[in-house]
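Colleague: Everything below, folded, please.
(2 chains)
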Amino acid sequence: MTAEAIIERCRDLVTQPLGAVAEQWKTRHPGGKVVAVYPVWAPAEVIHAAGMLPLSLLGGGTSVELTHADARFQSFVCSIAKSTLELGFQGLVKGVDGFVYSNICDVARNLSSIYQRNFQDVFVEYLHLPQNSTSPSVAVYCASELRRLAAGFEQALGLGVTPMALSKSIDVYNALRARLRAFYAFRIAEPQKLSTVDLYVVLRAATLVPPEEAIPSLDTLLAELPQRSARPRDRLRVVIEGAFCEQPPIGLLEVLEEAGCYVVEDDLLLGWRWITGDVAGEGDPYDRLGAAYVNQAVPSSTRHEGREHRSVGLIEKVRRANAQAVIFMPAKFCEPALFDYVLMRQGLERAGIPHMLVEFEEKMWTFERTRNEIETFVESMMFD
Amino acid sequence: MTELRRATKSLDTVRRAREMLGSYYKRAERRREGAPLAWCMAGVPSEVLQAFDLSCEWPENFGTVCAARGVAAELCERAEGEGYSQDLCSYVRNSIGYVSRLLELGQVPPEAPRGGLGTATMLLGSGALCDPRIKWFQSLSSQYLPLPVFHIDPMSPPHDSHVDDPRIEAHYKEILSETLHEQVAFLERTLGRPMDTERLRAALGNAQETIALLWEIQSLRRAVPCPMGSEDFFTGGVVPLLFMLGERDAVEYFRCLRDEVRDRVARGVGVIPDERFRLLWMGIPPWYNLGFFNSLGELGAVFPAETSYYVGAPVEIDLSDPLEALVDRTWKRAVWITRWGAEVIPENLSPSGFSQPGTRLIRQWVHDYRLDGAVMHRTRSCRAVSWGQIHIKNQLEEEGIPSLIFESDMADPRSWADTIIMGQIQGFLEAIAAGRRERARAS
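Modeller: This is a model prediction of the structure:
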């Protein structure tokens, strides 16, 4: 299969309602269960080890009109929270048996109970992850929280997790993450051959199929991409930062590229890439996964990094990707991103790295003003 | 009809709060030059601070004072000028604006109320109660005040947890115990002295008395006419509860308050002369306009109960190991809250002893407090507190109780639209009265 064919297939998959994706998998796996996880991170490995299909739950995007959910939230709440609830009202997640939410912000941590209240026939779990990553007891707690999650699956959905199965799932997801890292490394090296929109749909599709199915396609694509013919253009190499939870419309990513940027790093779909290398160590798989969440995590606005300045991880990312600028892309009302924006911006300024801010909402339809702003930014950089 | 104004207090004890709570209100005078001083978030257990004899400032409280004194908007704007979005917590913006101005002037800004905040030597935060607060002290320490920082990070069980399961209890108590022990270790390291266990034991004993007195006061407020309204709770109850729990001054203050409220109940004295509407208050109050409650009083409305800063029933603890007693109090309280329905309280494991009441308890209050309605303040810059309001509104509707949700902010007065809000209130009270007439006709 060609790169174009694989990417097209991914594009088809990501436009389908989550419920349809779940039902298709269940048709092929009678009696199977599907669990969707809200950003940023939840242990897909534990879901997979129970024999279930883990899916990323990323709201309604541009395709879902809010007809019920709006009345259940205050106005000053991010779009993804509202549209995620709306998915339930419109039956677009029918077929998904369980949902996992965590405490990345005040909105997300409340979504689990509001979802459960509105949809009592599905399993909903709230994962309370530690913010403080410097305490020695945090990894132990985290492992214990993952065990609690697994026990919840067994009790509610009748599917248990054995240590052996979890170890195998960790290996499979290690392999998947290695491929995803390879795509990111490839894009840094040859962004003209892999647009961000293409990478995004491939990555998003990988969160909608079992990892065993995703890996062969990703391998094929990784082998195909270098063969693509694309001439490097005189574009601005940028990093996208702040879109770790609510996902920007694909149209906005397209505009960014059309306006003269090569996006060479981003924090889109961060959960599937949370652990930066293979889950380390030996022994109890819960302990290993808990420790990996704490010690091998990508820098993120949803965690507290102790005294290390919030810009350190971003500047390192900029350097590693040989980027020239940062596009801050926080979702409207996203408190973690808005907080970090200030510290990160200051860090970038001290390091002499240009930046601009593009706030977005899921249901952005027109991008002309944003396009003009980005074009102006790019031109100011390119012709400086 | 109204304007931004300070509350007129009803109870004599509340009017004397500043005089009676000397250890808090006179702390600046008592502070030794150059002595260690912690800026603390609400949610840090004050008993532990007392066990170290550590002087403290509470920037969230400072935010309320700045709001009441009319300087918060200017300080918030300053923080916004430095990049902090208006969508972020107004307490945070107020403190960042203050610190920015402090550093610019090299001295306490002249407009700062009560002489400003003392010079911090450390920052003590809490991951409990609201999620992004942890970033607040991260910003302060990274950008303005390069000081040692420690955050406790209590984890709360989901609302539908089997809290009676000893494995669940152990899971949450272990991490809580660890984080509190780490806080003690941090303070011992930073201050260069050990925690005084006896002082902690004494403080926890005092806190037990305070909690019991608060519980009694809450019960007394059920009386008709209502002997104590929310304006007196917010002006006279929040400081000793949130920032002085464990201090003797707080115990004596609440004892005096309890006695006065009890006396009013015995004599049938209410907050307002013509009590026509008994309302529940939900949300953080508009600190810049606590006179709002008096304005409602002029319309015949009184607030005998509020969901903010709720402590709940006293729980028994064994003080032989005081730090573990604090863990146990925190857990037992979370269990108590959970049993009353914690579906809109994701952070109910609060070592400082307050959060929100459970949903079923609020429904129970409709009858206990003979409520006619609920007024909910949807605070634009605090999603944590605003979140459960729609659910509670729906729950109250099932009890036949209407609710009004209005939008503004707790410390940023720029979001207060007086004409609109007072219009909403008047319409709401008229609707309650009309409903009452309708029911009377039907019966």
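Colleague: so where's the chain shaky on pLDDT?
Modeller: You didn't pick a chain, so chain A it is. Counting by pLDDT under 70, the ranges of chain A that qualify are A:304-308, A:384.
Colleague: nope, chain B please
Modeller: B:1-2.
Colleague: please redo it, this time with the cut-off set to 50
Modeller: Scanning chain B for pLDDT under 50 picks out B:1.
Colleague: Do a quick rundown of the strands in it.
Modeller: With DSSP state E as the definition, chain B shows strands at residue ranges B:37-40, B:55-57, B:122-126, B:149-152, B:277-282, B:301-306, B:373-379, B:403-408.
Colleague: Just name the most buried of the ones you listed.
Modeller: Of those, the one with the most neighbours on average (mean count of other Cβ atoms under 10 Å in any protein chain shown) is strand B:301-306, at a mean of 26. Bear in mind the C-beta positions are built from the backbone N, C-alpha and C, glycine included.
Colleague: Scan chain A for its longest helix.
Modeller: For chain A, the helix with the greatest residue count under DSSP state H is helix A:163-189.
Colleague: which strands and helices sit next to it?
Modeller: helix A:44-49, helix A:196-206, helix A:211-224, strand A:261-265, helix A:285-295 (3 or more Cβ pairs under 8 Å, 6 or more residues apart in numbering or on different chains; DSSP states H and E).
Colleague: Export these as JSON lines, with columns for mean neighbour count and distance to residue B:364.
Modeller: Output for these, formatted as JSON lines (neighbours: other Cβ atoms under 10 Å in any protein chain shown; distance: least, Cβ to Cβ, whole Å):
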{"stretch": "helix A:44-49", "mean neighbour count": "26", "distance to residue B:364": "38"}
{"stretch": "helix A:196-206", "mean neighbour count": "23", "distance to residue B:364": "47"}
{"stretch": "helix A:211-224", "mean neighbour count": "17", "distance to residue B:364": "49"}
{"stretch": "strand A:261-265", "mean neighbour count": "25", "distance to residue B:364": "53"}
{"stretch": "helix A:285-295", "mean neighbour count": "22", "distance to residue B:364": "39"}
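Colleague: between those, which gets nearest to residue B:44?
Modeller: Closest to residue B:44 of the helices and strands packed on helix A:163-189 is helix A:285-295 (Cβ to Cβ; 23.0 Å).
Colleague: give me the number of residues near the closest residue to residue B:18 other than its chain neighbours?
Modeller: Leaving aside its chain neighbours, residue B:18 sits nearest to residue B:25 (4.7 Å; criterion: Cβ to Cβ, 6 or more residues apart in numbering or on different chains). As a burial measure, residue B:25 scores 15 neighbours (other Cβ atoms under 10 Å in any protein chain shown).
Colleague: Return the distance of residue B:25 relative to chain A.
Modeller: Separation of residue B:25 from chain A (Cβ to the nearest Cβ, to the nearest Å): 31 Å.
Colleague: starting at the chain centroid, how far to stretch B:276-289?
Modeller: Distance of stretch B:276-289 from its chain centroid, counting by Cα atoms, centre = their mean, to the nearest Å, is 13 Å.
Colleague: Could you do stretch A:83-94 as well?
Modeller: That offset, for stretch A:83-94, works out to 19 Å (Cα atoms, centre = their mean).
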